[in-house]
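Student: Task: produce atomic coordinates for the following.
(one chain, ligands or ions: 2)
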Amino acid sequence: MTKREIDMVRTCCKKAREIIEELREYLIEGISTYEIELKSIELMKKKNVESAFKGYRGYPANICISVNFEVIHGLPKKGKILKNGDIVSLDVGVKYNGFYGDCADTFPIGKIEVKYIKLIKVARRSFEKALKEVYAGSKTGNIGYVIENYAKKNGFSVIKEFAGHGIGKNLHQTPEVPNFGYKGEGDTLRENEIIAIEPMITEGEGETELLEDGWTVVTKDRKYAAHYENCVLIKKDGYEVLS
Ligand code: MF3
Ligand code: CO
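Tutor: Ligands and ions are numbered 1, 2, ... in the order given. From the prediction side, this is the model:
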């Protein structure tokens, strides 16, 4: 990507992250995930961006909100009310001037169990640990290896059925960035390309299934999952986190 194109993605990522931070305020007991969806529509309007998700392969909502054993693509619902002890992942993607930005994080509602505090932390730390594998010439397998290893070391599993991805003029493009793998395998990372690295970590086995709504991905064993995502620019000798 050119310097100008990278700047466009950087702007998208910044706006997506700001929206997540502003939505955090609304993550309180008693609110429905649909109300958070409405708030996200308002915020995107205010920031002059479009949802990257709405209409993507027919996705009907503005953002994804995944609660507890929901892993990703949680469809906001009027009847889904947040309660004390829940963990909630917000996934926000924006489109602006023909470019995309995508990020996610998982937050507690009220007081959550210690094991879920750890789950959320491990999702974020696995991302941070994977960053040292991001440089031109590295491999997607190096990233996946670090994420899976760190999750396992902490007694958790990674979700293998979904992966991170290249991003730029499309929300999803090559390379695919799995959360597992072997060192030295997979696609080569290229300078000035951008990838979304998005560990999905669960306390269970890591198998998933789809809810009847056709979108929400849940763990088969109904164990809780945490999701963390940032877009990362690949540089000659390293990286820059854009979101
Ligand atoms: N944030 C998700 C990802 O990184 C995309 C949501 S897909 C949609 O892959 F269909 F829900 F839009
Ligand atoms: Co993504």
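
Student: Next SSE downstream of the helix ranked longest in the chain?
Tutor: Counting residues, the longest helix found in the chain (DSSP state H) is helix 3-24. Next in sequence after helix 3-24, counting helices and strands by DSSP states H and E, comes helix 33-46.

Student: Please work out how many residues are found near residue 157.
Tutor: 21 (other CB atoms under 10 Å). Placement of C-beta: from N, CA and C, glycine included.

Student: Need the pLDDT of the residue lying closest to it once chain neighbours are set aside.
Tutor: Among residues not flanking residue 157 along the chain, residue 206 sits closest, at 3.7 Å (CB to CB, 6 or more residues apart in numbering). Looking at residue 206, its pLDDT is 98.

Student: Check residue 84 too.
Tutor: 98.

Student: Contacts only, for the closest residue to it other than its chain neighbours.
Tutor: Excluding the flanking residues, the one nearest residue 84 by CB to CB, 6+ apart is residue 110, at 3.6 Å. Listed by CB atoms under 8 Å, 6 or more residues apart in numbering, the contact partners of residue 110 are 29, 83-86.

Student: Which element, helix or strand, includes residue 110?
Tutor: Using DSSP H and E, no helix or strand contains residue 110.

Student: how near is it to residue 31?
Tutor: Counting by CB to CB, to the nearest Å, the gap from residue 110 to residue 31 is 12 Å.

Student: Likewise for residue 93?
Tutor: 22 Å.

Student: So for the two, which residue has more residues nearby?
Tutor: With neighbours defined as other CB under 10 Å, residue 93 and residue 31 compare such that residue 93 has more, 30 against 17.

Student: can you confirm that one is in a strand?
Tutor: Yes. Under DSSP: H, G, I helix; E, B strand; the rest coil, residue 93 falls within a strand.

Student: Output the set of residues of this protein in proximity to ligand 1.
Tutor: 53, 56-57, 59, 64, 73, 91, 93, 102, 196, 198 (CB under 6 Å from any ligand atom).

Student: Pull out the buried members of these.
Tutor: 53, 59, 64, 73, 91, 93, 102, 196, 198 (16 or more other CB atoms under 10 Å).
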